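> How does the following fold in three dimensions:
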Amino acid sequence: MLPGLALCGIVTGAAFALEALEEHFFGRAWLESLVLAILIGSIVRTFYKLDARFEAGIRFGAKTVLEIAVVLLGASISASAILEKGPDLIGGIAVVVLMVILASYCIGRVAGLPSKMAILIACGNSICGNSAIAAVAPVIDANSKDVAASIAFTAVFGVMVVLILPFLMPVLSLSLVQYGIFAGMTVYAVPQVLAATAAVSQTSAQIGTLVKLVRVLMLGPVVLLLSLMGRKDSAFRTPLSQMVPWFIIGFLLLMALRSFNFIPQFAIQPAHFSANLLTIMSMAALGLGVDARSVLKAGGRVTIVVVLSLLILSAASLVLIKLLGIV
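Prediction:
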C-alpha cells in the first residue's frame with residue numbers, strides 16, 4: 001500500500017501548499033485544501049495513467065483512512081454548549097435538516113441522479129457540506145465518482161453562498177440574531193459561517209456558529225440511520241455490532257466523551273487536526289480514483305439539484321426563524 005499512500009500524501013501536500021498561496025495572495029482561501037486535494041487527485045488520474053502498484057494504497061486511503069477521520073471528528077464536537085440554547089431552536093433545526101435531506105433526495109432522484117449520489121448531495125447541503133459527504137460515503141458504500149462530483153459541486157456553491165449571504169441581510173430585513181441563525185442554517189462549514197457573519201457583527205458570528213454546530217451534531221444520527229436503513233433486510237439476523245459500522249460507533253463515543261468533558265483539553269486540538277489531515281488525505285485518494293471526464297457528464301443535473309436544495313434550505317430556515325419568533 002505504500003506507493004499509493006505516498007502518492008496520496010504528495011497530493012495532500014500540494015493541496016495545503018495551494019491553499020497557503022491563496023491565503024497569501026488573496027487574503028483568504030476560496031478553495032479549501034479538502035477540495036483542492038480531490039481536484040488535484042482527479043487531474044492526476046485524468047491526465048496520467050497510474051501504474052497498478054498505486055491502486056492498493058489509493059483504495060486504503062479512500063476507505064480506511066476516511067473512516068479513521070470520521071472517528072476523530074467526534075472528539076471535536078460537543079453537545080453541551082448547544083443544549084443551553086433551549087429545545088425549541090434545537091428541535092427546529094433538527095426538523096429542518098431532516099426535511100431538507102428528504103426533499104433534496106427526492107429532487108435528486110427526479111432529476112435522474114443515482115440514489116447514492118442523491119443521498120450524498122442531500123446530506124452535504126443539509127448538514128455540513130464536504131464533511132457530511134465524506135462521513136456518509138463509506139456508510140452507503142458510495143463510489144469515488146459520486147463522492148468526487150458531490151464534493152466538487154457543493155464546494156463551488158458553498159463559496160458562492162458565503163459571498164452572496166451578507167447582501168441578503170437587508171433584502172430579507174433580518175436582524176443581527178436572525179442573520180446569524182440564517183447563516184448558520186445555510187452555510188456549509190463552520191469557517192464559512194464565520195466568513196459570512198464576522199464582517200456583519202460579533203453577535204451574528206456567535207449565534208451562527210452555535211446554530212451551525214447543531215447542524216453538525218445531526219451528522220451522527222443521520223449517518224447511524226443510514227447505516228441501519230442500508231441493512232434493514234438482515235436486521236433481525238445480524239448482531240448490532242455488524243449493523244453499525246465501527247467508525248460510527250467510534251464517532252458517537254468520542255462525541256459523548258467530549259460532551260461530558262472526559263477528553264482532556266490538550267487532546268482536542270490534535271484530534272481535530274488529525275481528523276482534518278486524514279480527511280484531506282482520503283479526499284486525495286478519492287480524486288486519484290476518479291477520471292474527471294466521467295464526473296463532468298453529471299454536471300448539469302447535479303447543479304440543478306444543488307441549487308434547488310439550497311433554495312429549499314434557505315426557505316425552511318426563514319420559516320423556522322419566523323415560527324420561533326426570533327427577533
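> for Leu31, phi and psi?
As for Leu31, its main-chain torsions (degrees, to the nearest 10) stand at phi -120, psi 120.
> Let me see the contact set for Leu313.
Contact analysis of Leu313 by CB atoms under 8 Å, 6 or more residues apart in numbering lists Val96, Val100, Asn125, Ser126, Met185, Thr186. Glycine gets a C-beta too; all of them are placed from N, C-alpha and C.
> same check, this time on Ala37
Val11, Thr12, Ala14, Ala15, Ile280, Met281, Met283, Ala284, Gly287.
> Isn't the fourth one up against Ala29?
No. Here Ala15 does not reach Ala29: they are 10.4 Å apart, not a contact under CB atoms under 8 Å.
> Run through the neighbouring helices and strands of the longest helix seen in the chain.
Ranked by residue count and defined by DSSP state H, the top helix of the chain is helix 144-171. Other elements packing on helix 144-171 under the criterion 3 or more CB pairs under 8 Å, 6 or more residues apart in numbering; DSSP states H and E are helix 33-47, helix 115-123, helix 130-140, helix 176-186, helix 190-197, helix 265-288, helix 292-295, helix 299-323.
> sorry, back to before: could the contacts of Leu313 be laid out in TSV, adding distance to Gly158?
Formatted as TSV, the contacts of Leu313 follow (distance: CB to CB, whole Å):
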residue	distance to Gly158
Val96	18
Val100	15
Asn125	9
Ser126	13
Met185	14
Thr186	10
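> of these, closest to Leu224?
Ser126 (15.5 Å; CB to CB).
> so what's the closest one up against?
Counting by CB under 8 Å, 6+ apart, Ser126 has contacts Val97, Leu98, Val100, Ile101, Ser104, Ala132, Arg215, Met218, Ser309, Leu313.
> Just the buried ones out of these, please.
Neighbour-count burial (16 or more other CB atoms under 10 Å) applied to the contacts of Ser126 gives Val97, Val100, Ile101, Ser104, Ala132, Arg215, Met218, Ser309, Leu313.
> tell me the two of those residues that are most distant?
Every pair of the buried ones among the contacts of Ser126 checked by CB to CB; the farthest is Met218 and Ser309, at 15.4 Å.
> my read: Phe16 touches Ser33, true?
Yes. Assessed by CB under 8 Å, Phe16 is found in contact with Ser33 at 5.1 Å.
> Which one's more surrounded, the two?
Ranked by neighbour count (other CB atoms under 10 Å), Phe16 and Ser33 place Ser33 first, with 25 against 14.
> and Gln206, how many neighbours does it have?
Gln206: 17 surrounding residues under other CB under 10 Å.
> How about the contacts made by the residue lying closest to it once chain neighbours are set aside?
Of all residues not flanking Gln206 in the chain, Gly180 sits nearest, at 6.9 Å (CB to CB, 6 or more residues apart in numbering). When contacts are counted by CB under 8 Å, 6+ apart, Gly180 touches Thr197, Thr203, Ser204, Ala205, Gln206, Ile207, Gly208, Val211.
> what about the fourth one, distance to Gly180?
Right, Ala205. With distances taken as CB to CB, to the nearest Å, Ala205 is found 7 Å from Gly180.
> got any residues that touch both of these two?
Common neighbours of Ala205 and Gly180 (CB under 8 Å, 6+ apart) are Thr197.
> where does the stretch 101-250 of the chain have low pLDDT?
Scanning the stretch 101-250 of the chain for pLDDT under 70 picks out 155, 159, 190-191, 230-245.
> Phi, psi for Tyr188 please.
The phi and psi values for Tyr188, taken as degrees, to the nearest 10, are phi -70, psi -60.
> ditto for Pro114
Residue torsions, per degrees, to the nearest 10, at Pro114 are phi -60, psi 150.
> So the nearest residue to it once chain neighbours are set aside versus Met218, what's the distance?
Once flanking residues are discounted, Pro114 sits nearest to Asp146: 6.4 Å by CB to CB, 6+ apart. Here Asp146 is placed at a distance of 21 Å from Met218 (CB to CB).
> rewinding a little: for Val70, which of the helices and strands packed on helix 144-171 is the nearest?
Nearest to Val70, of the helices and strands packed on helix 144-171 and by CB to CB, is helix 130-140 at 4.9 Å.
> CA atoms only for the closest one - export them in PDB, please.
Only the C-alpha atoms of helix 130-140 are listed here, as PDB (Å, rounded to 0.1, in the frame of the first residue of the first chain):
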ATOM      1  CA  ASN A 130     -17.900  18.200   2.400                       C
ATOM      2  CA  SER A 131     -17.600  16.700   5.900                       C
ATOM      3  CA  ALA A 132     -21.100  15.200   5.700                       C
ATOM      4  CA  ILE A 133     -20.400  13.800   2.300                       C
ATOM      5  CA  ALA A 134     -17.100  12.300   3.500                       C
ATOM      6  CA  ALA A 135     -18.800  10.800   6.500                       C
ATOM      7  CA  VAL A 136     -21.800   9.400   4.700                       C
ATOM      8  CA  ALA A 137     -19.900   8.000   1.700                       C
ATOM      9  CA  PRO A 138     -18.400   4.900   3.400                       C
ATOM     10  CA  VAL A 139     -21.700   4.100   5.200                       C
ATOM     11  CA  ILE A 140     -23.700   3.900   1.900                       C
END
